[in-house]
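[1] after the sequence you'll find the predicted model.
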Amino acid sequence: MLVEDLLKWPGDEAANLDRELVQRMTDRLIQAEEDSTKTVRELLAWLGTATWPAEAIAGDGQLARRMLEKLDPALMTQVLPELTDPFELMGAVVWAAYREDDAASMSAVEPAITQLLVDS
């Protein structure tokens, strides 16, 4: 969905895109998906596959985190404990670690981390 947009900018430029452009891209992604939880999962998986630490912290990862911030916090709270995909889960950990309220965010991810460890 966003591939055409993202091909225009290297990671470091994508991280610093204008706030309004980030909002438009986020809105387009939300409109393209019937299920808003899928939007969250796609952004988390994208963040979870970003090369650590450079891209996850600064480049495309920063853009993914900015887009996640545009989503409804209640939706994030709903999705985080239910994650099962390792990429989505890694994205959730990166997202939570860079939030102002990182402890509460990590607590929301904890059930999914625990389940992944139990299953492995």
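    Yep, it's here.
[2] tell me which element the most centrally placed residue in the chain falls in.
    Centroid-nearest residue in the chain: Leu44, 3.2 Å away (criterion: Cα atoms, centre = their mean). Element membership for Leu44 (DSSP states H and E) is helix 36-49.
[3] and that helix, which residues are buried?
    Residues of helix 36-49 classed as buried: 39-49 (neighbour count, 16 or more other Cβ atoms under 10 Å). For the C-beta atoms, the positions are set from N, CA and C on the backbone; glycine is no exception.
[4] if we can go back for a sec, what sits against the residue nearest to the centre of the chain?
    Applying Cβ atoms under 8 Å, 6 or more residues apart in numbering to Leu44 gives the contacts 64, 68, 79, 83, 87-89, 91-92, 95.
[5] could you dump those residues into CSV and include secondary structure?
    Output for the contacts of Leu44, formatted as CSV (DSSP: H, G, I helix; E, B strand; the rest coil):
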residue, secondary structure
Ala64, helix
Leu68, helix
Val79, helix
Leu83, coil
Phe87, helix
Glu88, helix
Leu89, helix
Gly91, helix
Ala92, helix
Trp95, helix
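[6] please spell out the ChimeraX selection for the buried subset of the residues you listed.
    Buried residues within the contacts of Leu44, by 16+ other Cβ under 10 Å, are selected in ChimeraX with:
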select :64,68,79,83,87,88,89,91,92,95
